[in-house]
Each structure stands twice: as C-alpha cells, then as structure tokens.
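Colleague: Predicted model follows, preceded by the sequence.
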Amino acid sequence: MTAFLILLHVAAQIAVIIRALLRPHREPASRMAWVMVVLLAPVVGIVAYILFGEVDIGRRRTERIRAAIASLPALPDVNRAPAGNLQPQPSERYDHLWRVGRSISGFEPLGGNSGRLLADSNAAIDALVADIDDARDHVHVIFYIWLPDGNGCKVAAALARAAARGVTCRAMVDDLGSRRMVKSEHWQAMAAAGVKVARALPIGSVFAHPFKGRIDLRNHRKIAVIDNWITYCGSQNCADPEFRVKPRYAPWVDAVMRFEGPIARQNQLLFAGDWLGHVDDDLGAILDEPLEAPEPGFSAQVIGTGPTMRYSAMPEMFEALMYTARETMVITTPYFVPDESLLSALCGAARRGVETLLILPAKNDSWIVAAAARSYYSEMLDAGVRIFEFTGGLLHTKSITLDGAVTLIGSANIDRRSFQLNYENNVLLHDPALTAAMRARQQEYLDRSLPVTAAEVAAWSTRRRLLNNTIAMFGPVL
C-alpha cells in the first residue's frame, strides 16, 4: 500500500510538472520556478500549482466576459462625433505609443479632452461626490477596494442620493478586495436606495475554485464615469488615506486625474465589459449615445488589460514608454517585480543618457515584494537608474512621466500580478501641461524620499542579499 501511494504521488508530481512545462505564454524562468516549487515541496507545491499556477478565471466566466465585450458597440460607432477635435494632433514621435495602446484595447487615441490632477486622496473623493451629486443621467463606478470608512461612506451616500432622484447608478466592486463593504450595512442601503450593485469575480466556495479558476485573479480597476463625459483614473481605491485595514503603513499616497471629454466613453466601454460580464442588464441607450462635440483639448487613450485579454499587454506598454524616453523618465509604483525584458528596457533608458528616476515606498505592505524589488537595485544603479525610497507613507501612485509631454496613470503596478493576473485600467495622455502637474507631484514624492546609493546596497549583509535574491528567484510565481 505504501509503495502504491508513493507511486501515486510521484505520478501526480510528474503530471503537474508536465502541465507547468506545457502551459502557453509562460517564460522559461516561470516554468523553472514552478518546477522547483513542485520538486522541493512536493505536496505543498502540487496544491500551490493547482490553486495559483495557471492564469484561468474559469471557462464559464471567460466565455461570458468575452461575449459581453463582443456585444459592445463597434469602436467606430462609439468614437463617432463631429470630425475635427476628436482627432489627435499629429506627432510622429509618439504615434507608436498610440499603436501599442490600440493593439491592447482596440481604442483609438481621442483628442478634445481636458483634465486635472486632484490635490490628494480626500480631494479626489470630494470631487467624485460633487460630480455624482450633479449627475443628470447615470453614474458608473468600479473599485477594487471599497471600505466602509469615511470616504467610502461618502461615495455610497452620494450614489444613494443620486438614485433617489432618478439617476441610474451602477456600482461594482471586486468581491475579495471589497468584502468588508459588501458585508456592511452601507452596501445593502445602496441597493435599497435603487443603486444597482454587483460583485466582480465572486469568491464563493474556496474549495470549488480549482475547478472555477484562480481565486487570486482579481478586478483591480478603479473607474468612475458620469454622464458619458466625466471620468476618473488613478491609483486610489474608495477609502480614506489612513487605510485603516492596514494602519501601520498609512497614509496611502495616491494620485487621481479627473477628465472631461471623449476619453470618458472609452472608460465607459471598459466598465460595460466588466458589468455585462457579471450582470444581465441593458446598457444600449448609454453606449449608443452620440458623443458631444468637444472643445479643443489633448489626446488620450484608455489602456485596459486583464487575464482574458492579450498576454503581456501591460509590460509591452511599459516597455514602449521606456524605449521612447529621450530626456527624462520618472516612474512611481508601490510594487516592483519586473520581468527580464522590462528590466532591460529600464536599464537601457538610463544607459543611453535618459535621466531615469524610480520611486518606491521605503515601507511596503508586502515584505516579499519589497525584498524582490531590492534584489534588482544593484543592477539598476550600475546602469545609472536613480532609485528613491519614499518615507511619507505607502506610496501607492502608479505613474510614468516622459520627456515633459506624456503621462501614463492608472491602476497597474510594475509586477507580475498587474502583468498577468489582474484586470487593470490606465490612461495614456499627451499633454505638456497635465504632464507638468504630474511631474510636480512626483517631485513632491522625491522631496519626501531618501536616495538609494550603490555604496549602501554594497554594504548589505550576505544574509540580506541572499534573502532578496532567493525571493526574487520565485518572482514568476508571486
């Protein structure tokens, strides 16, 4: 009997290893990491691979989400509007960036937009509440984390007020990230007031997830659309900056932009794909509404990625930006676990003379990610990348500014989760004025950061370097 169990275990181990080796869209390093996990921790490794080894939200969910996206209006119809201001200003220098974005979400760059960077997290919530209070037709919001705290309750109350006066309100949250709100009285109160509520990627039974898809594939988006004309994009969840579920890392430091113009329609489509992937609803009247004739404004494009979309889309966008930089590039992200090609693009920018600044939090809520990130410090510093660690809380802003002209802002981190596992939303824009505002905010972060020097990293103990490098080795499975 014992021999039979051993043979059964070895057979299961071999089967999982073969499965890992045959999975498509997987880097050799990722395959090797999983093979090592299964070999070194046979029982735990097999269970870990079953639960977390494959990027799969489940066949039924995938089919429904893709069917919902396919049912949305064709992009030429959505983008229709009086000719002229919708067309972006010609710029051969950045045309390839728009083409990368188009290849990901299918969205064309749209001109005629205006925008502003909001002062801080509380100002962003206050602006959103004011827009909800002024809404005439509809309000759509989706958040990864929505907490029943001060700011979370402000937004919930504003949606209830809007629904009471006849505005159609739809609110979606990730079922894992926003479980506290979903279980709270405020969620039920919104529904009772007429707000249509939904949970993205419902968790259900943990034991059923190996058959329904990975439990840690989440909807990480933060989107708000009001009356097809106003939209928000940034890193902020619907919560207080004190983020009381993890107070020792507070404040959470975020950046959010408020946009007016045709770009709102692209965020609308992103929201609609998520909503219709989970809810039987009719959004036809909203999606078919012609765009207003915009005033002159800057060009922008929504970049939406996720596990049911093209593999490697988000790192392609990051790398395209890094290879485009000619003078300066400033990057902020709380979670930094790059793949090899992205790390090469980042170091390559510094080596060719681009002033390349990377700002990360000094104290991270994930010590594993922080250790993995620091394993890359020596290589980046040798290439000329200037690294800073922010000391004023947990820097949660995900942003890139490029040569004083281009900005990428949104929900995506520079890590494997954002690359492969999470649904993310970002806005790429070409506007010197708004980019200058984002660059000024990044400078505020720099003023509250400590530079990381090559001498400091060289002085790290062997134990610390061994820990960082060992964790980074398993980056592909993080």
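Modeller: Structure received.
Colleague: CA atoms for contacts and neighbours, from now on please.
Modeller: Will do.
Colleague: Next one: residue 394 from residue 159, what distance?
Modeller: 29 Å (CA to CA, to the nearest Å).
Colleague: okay, the two: which has more neighbours?
Modeller: Neighbour comparison, residue 394 and residue 159: the larger count goes to residue 159, with 30 against 22 (by other CA atoms under 10 Å).
Colleague: which SSE is that one in?
Modeller: Per DSSP states H and E: residue 159 is located in helix 150-164.
Colleague: Can you tell me the closest non-neighbouring residue to residue 313?
Modeller: Leaving aside its sequence neighbours, residue 313 sits nearest to residue 104 (CA to CA, 6 or more residues apart in numbering; 6.1 Å).
Colleague: Just name the shakiest helix or strand of the chain by mean pLDDT.
Modeller: helix 75-78 (a mean of 44; mean pLDDT, DSSP states H and E).
Colleague: From the contact counts, what lies against the helix ranked longest in the chain?
Modeller: Of all the segments assigned as helix in the chain under DSSP state H, the longest by residue count is helix 2-22. Contact here means 3 or more CA pairs under 8 Å, 6 or more residues apart in numbering; DSSP states H and E; on that basis helix 2-22 packs against helix 28-40, helix 42-52.
Colleague: Show me the one of those that comes nearest residue 12.
Modeller: helix 42-52 (7.9 Å; CA to CA).
Colleague: Tell me how far the spatially closest residue to residue 454 that is not a sequence neighbour lies from residue 416.
Modeller: Distances taken as CA to CA, 6+ apart put residue 381 closest to residue 454, at 6.3 Å, once the chain neighbours are dropped. Taking CA to CA as the measure, residue 381 falls 22 Å from residue 416.
Colleague: Compare neighbour counts for these two and give me the winner.
Modeller: Taking other CA under 10 Å, residue 381 and residue 416 do not tie; residue 416 has more neighbours (21 against 17).
Colleague: thinking the more buried one is in contact with residue 337, fair?
Modeller: Yes: counting by CA atoms under 8 Å, residue 337 is a contact partner of residue 416 at 6.5 Å.
Colleague: so where is the stretch 351-478 of the chain shaky, pLDDT-wise?
Modeller: 475-478 (pLDDT under 70).
Colleague: Going along the chain, name the strands of it.
Modeller: Secondary structure of the stretch 351-478 of the chain (DSSP state E, counting those that start in this stretch): strands located at 355-361, 386-390, 394-395, 399-402, 406-410, 424-430, 449-452.
Colleague: For residue 73, which of these is the nearest?
Modeller: strand 424-430 (19.4 Å).
Colleague: Touching, residue 173 and residue 196? I think so.
Modeller: No: counting by CA under 8 Å, residue 173 sits too far from residue 196 to count as a contact (11.6 Å).
Colleague: Dump the strands of the stretch 351-478 of the chain into JSON lines; add distance to residue 256 as well.
Modeller: As requested, the strands of the stretch 351-478 of the chain are exported to JSON lines (distance: least, CA to CA, whole Å):
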{"stretch": "strand 355-361", "distance to residue 256": "17"}
{"stretch": "strand 386-390", "distance to residue 256": "18"}
{"stretch": "strand 394-395", "distance to residue 256": "13"}
{"stretch": "strand 399-402", "distance to residue 256": "10"}
{"stretch": "strand 406-410", "distance to residue 256": "8"}
{"stretch": "strand 424-430", "distance to residue 256": "11"}
{"stretch": "strand 449-452", "distance to residue 256": "20"}
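Colleague: Of all these, which one is nearest residue 304?
Modeller: Closest among those, using CA to CA: strand 424-430, at 4.6 Å.
Colleague: List the contacts of the residue lying closest to residue 394 once chain neighbours are set aside.
Modeller: Using CA to CA, 6+ apart and skipping residues adjacent in sequence, the residue nearest residue 394 is residue 252, 4.9 Å away. Shown in contact with residue 252 (CA atoms under 8 Å, 6 or more residues apart in numbering): 241, 242, 243, 393, 394, 395, 396.
Colleague: Now rank those by neighbours and give me the top one.
Modeller: residue 395 leads these on contacts (other CA under 10 Å) with 27 neighbours.
Colleague: Compute the distance between it and residue 31, please.
Modeller: 32 Å.
Colleague: Report all helices and strands that the helix or strand following the least confident helix or strand of the chain contacts.
Modeller: The C-terminal neighbour of helix 75-78 among helices and strands, as given by DSSP H and E, is helix 95-105. Other elements packing on helix 95-105 under the criterion 3+ CA pairs under 8 Å, 6+ apart are strand 298-305, helix 313-324.
Colleague: what angle separates helix 95-105 from strand 406-410?
Modeller: 20 degrees (axes from the mean of the first three to the mean of the last three CA atoms, to 10 degrees).
Colleague: What residues of helix 95-105 count as buried?
Modeller: 97, 98, 100, 101, 102, 104, 105 (16 or more other CA atoms under 10 Å).
Colleague: Wait, the fifth one touches residue 108, no?
Modeller: So the one you mean is residue 102. Yes: with contact defined as CA under 8 Å, residue 102 counts as touching residue 108 (5.8 Å).
Colleague: how about the strands in the stretch 151-300 of the chain?
Modeller: With DSSP E, counting those that start in this stretch as the criterion, the stretch 151-300 of the chain has strands at 168-174, 196-200, 223-226, 230-234, 252-253, 256-260, 298-305.
Colleague: Residue 461 is nearest to which of the strands of the stretch 351-478 of the chain?
Modeller: Across those, closest to residue 461 is strand 449-452 (CA to CA), at 15.7 Å.
Colleague: what about that closest one, distance to the chain center?
Modeller: 25 Å (CA atoms, centre = their mean, to the nearest Å).
Colleague: Which elements pack onto it?
Modeller: strand 386-390.
Colleague: about what we covered before: so how far is the longest helix of the chain from its chain's centroid?
Modeller: The answer for helix 2-22 is 36 Å, by CA atoms, centre = their mean.
Colleague: Now that helix - C-alpha only, CSV.
Modeller: C-alpha atoms of helix 2-22 as CSV (Å, rounded to 0.1, in the frame of the first residue of the first chain):
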residue,chain,number,x,y,z
THR,A,2,2.8,2.4,0.9
ALA,A,3,4.6,1.7,-2.4
PHE,A,4,1.3,2.4,-4.3
LEU,A,5,0.9,5.7,-2.5
ILE,A,6,4.5,6.7,-3.3
LEU,A,7,4.0,5.8,-7.0
LEU,A,8,0.7,7.8,-7.0
HIS,A,9,2.4,10.8,-5.5
VAL,A,10,5.3,10.6,-8.0
ALA,A,11,2.9,10.3,-10.8
ALA,A,12,0.9,13.4,-9.6
GLN,A,13,4.2,15.3,-9.3
ILE,A,14,5.3,14.4,-12.8
ALA,A,15,1.8,15.3,-14.2
VAL,A,16,1.9,18.7,-12.6
ILE,A,17,5.5,19.3,-13.8
ILE,A,18,4.5,18.4,-17.4
ARG,A,19,1.4,20.6,-17.1
ALA,A,20,3.6,23.5,-16.0
LEU,A,21,6.0,22.9,-18.8
LEU,A,22,3.3,22.8,-21.4
